[in-house]
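Asks: just to be clear, the model below is a prediction. Sequence and coordinates:
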Amino acid sequence: MSLDDIENHELWSRFRAYSHRVRKLDGGLGVVSQAVQNYLETLKKAYSTGAAFEPPFSLIQEIVWESKAVDDTMALRFFVSPSLRKLSIRPTTSNSPMDSYLLSQLLSSISNQNLNLATFNLDTKWTDLEDEKLGDGLASFIRSQAALEEVLFPKFYVQHTIISALAGLHRLSKFHGVLHFDTSQEVDRFIADLAAACPALRNLVLYITNDSTERHSIRFESISPLFSCRSIVEFQILHGRPLKLGAHQIHAIGQAWPSIATLSLCPNVIRSDELGLPLLDLVNFGPRSFPNLERLAVFLDLSLLPDTHGGMALSQLKTLCVGTTSIGSTDPQHLGQYLASLCSPGIRLCNATEVHYRKFVFDEGGGPYDLVDRWVFVSRGMEEHRRRLDEE
């Protein structure tokens with residue numbers, strides 16, 4: 001039932017009678033009728049009196065709130081209930097200094113409404129500067145929600161105040177965030193603190209960006225504190241420089257996370273002259289060390305192309321993303337033949353079209369094969385190799 005359809009007293013009575021059955025509110029307000037505006041004004045007056053305010057949806061469990069105006073954003077206060085477990089806020093208001101200020105006010109207001117959230121998702125459409133103004137208010141809100149298990153800031157520059165607030169979330173199992181640090185030492189400290197404070201982590205997606213930190217690659221030692229989080233099934237770390245790994249270190253990742261299904265290790269590198277993981281080392285991600293690995297994203301070094309058969313060493317993989325790996329002078333057909341011998345026939349190959357942050361690395365690319373540039377010819381080489389094997 002749409003609120004805009006409720007224009008007479010009979011329907012309003014039905015709305016009130018059935019409102020206790022509502023478990024999810026999706027979409028926010030948008031353009032509403034005069035009747036709904038009057039209803040919202042009634043809620044506003046009741047809310048502002050300071051007396052015991054009863055939200056219209058007393059058993060609501062999930063809200064996805066998209067606001068297109070200031071009044072829309074603030075109206076969320078009227079629908080929040082102590083029963084709420086999942087809250088997503090997507091401000092789409094025009095960029096102005098008022099937006100972050102009002103959103104901070106909103107977060108402060110609803111944090112005093114006996115909330116006990118398990119999931120919080122904030123997806124702003126602002127500039128980085130506008131996001132930064134929200135930092136203190138957002139950190140305060142996070143601290144008020146000690147039961148949070150999932151926190152997602154897919155386009156947000158996380159600040160020190162927010163990072164320190166995350167350290168108090170001992171139930172946190174899922175975190176997606178864009179992290180902005182001044183030094184590489186701060187990256188190491190954050191990851192170590194996160195691992196110590198949140199041992200129940202299962203899904204972790206980190207994009208680390210800063211001109212100063214991109215002078216240095218993310219090191220294996222930077223991520224190794226997370227090995228204490230034994231339940232991880234997804235780990236994605238994105239940075240403008242490649243993550244240098246040897247066979248022993250790759251094996252250590254597999255030992256630490258036996259259930260990992262999605263692994264992305266800095267595949268989107270900015271400079272094409274960087275050296276990535278030698279192609280021969282791909283075999284170290286095989287089922288012996290990674291029995292449950294289905295999606296792998298790495299930046300590769302194709303300077304040495306093996307002449308040997310891959311022996312289906314990556315038979316468990318369903319998706320291989322090569323990020324911004326450049327083929328250069330490598331023969332794409334020869335490369336395709338080797339990858340076909342390395343992976344199962346149903347493998348999906350993809351590469352990155354852009355260097356900057358994407359929440360889902362494995363969805364990047366273009367065309368029917370999720371590939372661009374000369375990687376399309378690699379895919380064709382893989383198909384030709386399999387076709388010849390089938391004919392033999």
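Replies: Looks like it came in fine. Numbering: from 1, shown residues only.
Asks: so Ala139 sits against Gly168, correct?
Replies: No - Ala139 is not in contact with Gly168 according to CB atoms under 8 Å; the separation is 10.2 Å. (C-beta placed from N, C-alpha, C; glycine too.)
Asks: those two: which has the busier surroundings?
Replies: Ala139 (20 against 14; other CB atoms under 10 Å).
Asks: state the distance from that one to Ser67.
Replies: Noted for Ala139: a distance of 21 Å to Ser67, by CB to CB, to the nearest Å.
Asks: next one: Leu279
Replies: The value you get for Leu279 to Ser67, if CB to CB is used, is 48 Å.
Asks: which residue ranges of the stretch 201-350 of the chain form helices?
Replies: Listed in chain order, the helices of the stretch 201-350 of the chain (DSSP state H, counting those that start in this stretch) span residues 220-223, 247-256, 332-342.
Asks: mean pLDDT, distance to Gln145 and mean neighbour count added to those, as CSV?
Replies: Formatted as CSV, these follow (pLDDT from 0 to 100; distance: least, CB to CB, whole Å; neighbours: other CB atoms under 10 Å):
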stretch, mean pLDDT, distance to Gln145, mean neighbour count
helix 220-223, 94, 27, 18
helix 247-256, 97, 29, 16
helix 332-342, 91, 45, 20
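Asks: could you dump those to TSV with distance to Gln61?
Replies: Shown next, in TSV, are these (distance: least, CB to CB, whole Å):
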stretch	distance to Gln61
helix 220-223	35
helix 247-256	35
helix 332-342	45
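Asks: so for Ser272, which of those sits nearest?
Replies: Set against Ser272 and scored by CB to CB, those come closest in helix 332-342, at 16.2 Å.
Asks: what about that closest one, distance to the chain center?
Replies: Centroid separation for helix 332-342 versus its chain: 31 Å, with CA atoms, centre = their mean, to the nearest Å.
Asks: same question for stretch 230-246.
Replies: 14 Å.
Asks: how far does it stretch from start to finish?
Replies: Criterion CA to CA, to the nearest Å; first-to-last residue distance in stretch 230-246 is 21 Å.
Asks: could you do stretch 114-123 as well?
Replies: The first-to-last residue distance of stretch 114-123 comes to 23 Å (CA to CA).
Asks: for it, which outside residues touch it?
Replies: Contacts of stretch 114-123 with the rest of the structure, by CB atoms under 8 Å, 6 or more residues apart in numbering, involve 80, 82, 84-90, 138, 141-142, 144-145, 147-156.
Asks: number of residues surrounding the spatially closest residue to Leu335 that is not a sequence neighbour?
Replies: Nearest residue to Leu335 in three dimensions, chain neighbours excluded: Val378, at 5.2 Å (CB to CB, 6 or more residues apart in numbering). Here the count is done by other CB under 10 Å, and Val378 has 28 residues near it.
Asks: same question for the one 4 residues further on.
Replies: Other residues near Met382 come to 25 when the count uses other CB under 10 Å.
Asks: quick one: the helices in the stretch 1-150 of the chain, in order.
Replies: Counting by DSSP H, counting those that start in this stretch, the helices of the stretch 1-150 of the chain are 9-18, 34-48, 70-75, 97-110, 128-132, 135-143.
Asks: among the ones you listed, which gets the worst mean confidence?
Replies: Among the helices of the stretch 1-150 of the chain, helix 128-132 has the lowest mean pLDDT, at a mean of 62.
Asks: so which bits of stretch 17-25 are buried?
Replies: 22, 25 (16 or more other CB atoms under 10 Å).
Asks: what does it rub up against?
Replies: By CB under 8 Å, 6+ apart, the residues outside stretch 17-25 that reach it are 1, 56-65, 79.
Asks: can I get those in TSV with pLDDT?
Replies: Output for those, formatted as TSV (pLDDT from 0 to 100):
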residue	pLDDT
Met1	45
Pro56	83
Phe57	86
Ser58	85
Leu59	90
Ile60	92
Gln61	95
Glu62	94
Ile63	92
Val64	90
Trp65	86
Phe79	87
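Asks: state the pLDDT value of the spatially closest residue to Val283 that is not a sequence neighbour.
Replies: Excluding the flanking residues, the one nearest Val283 by CB to CB, 6+ apart is Ala313, at 4.1 Å. Looking at Ala313, its pLDDT is 91.
Asks: go on, Thr262?
Replies: According to the prediction, Thr262 has pLDDT 96.
Asks: surely it meets Ile232?
Replies: No - counting by CB under 8 Å, Ile232 is not a contact partner of Thr262; they are 9.6 Å apart.
Asks: who has more neighbours, the two?
Replies: Ile232 (24 against 21).
Asks: OK, contacts around that one?
Replies: Counting by CB under 8 Å, 6+ apart, Ile232 has contacts 201-204, 226, 256-257, 259-260.
Asks: could you do Arg202 as well?
Replies: With contact taken as CB under 8 Å, 6+ apart, Arg202 is in contact with 173-174, 231-234.
Asks: quick one: it from Asn351, how far?
Replies: 27 Å.
Asks: just Ser19 next, same as before
Replies: Distance from Ser19 to Asn351, by CB to CB: 49 Å.
Asks: kindly report the same for Leu320.
Replies: Separation of Leu320 from Asn351 (CB to CB) stands at 10 Å.
Asks: which ones are touching Leu263?
Replies: Leu263 makes contact with 234-236, 253, 285, 290, 293, 295-297, according to CB under 8 Å, 6+ apart.
Asks: related to what we said a few turns ago, so which of the helices of the stretch 201-350 of the chain comes closest to Asp390?
Replies: helix 332-342 (11.4 Å).
Asks: which helices and strands does the closest one pack with?
Replies: Using 3 or more CB pairs under 8 Å, 6 or more residues apart in numbering; DSSP states H and E, the elements in contact with helix 332-342 are helix 375-391.
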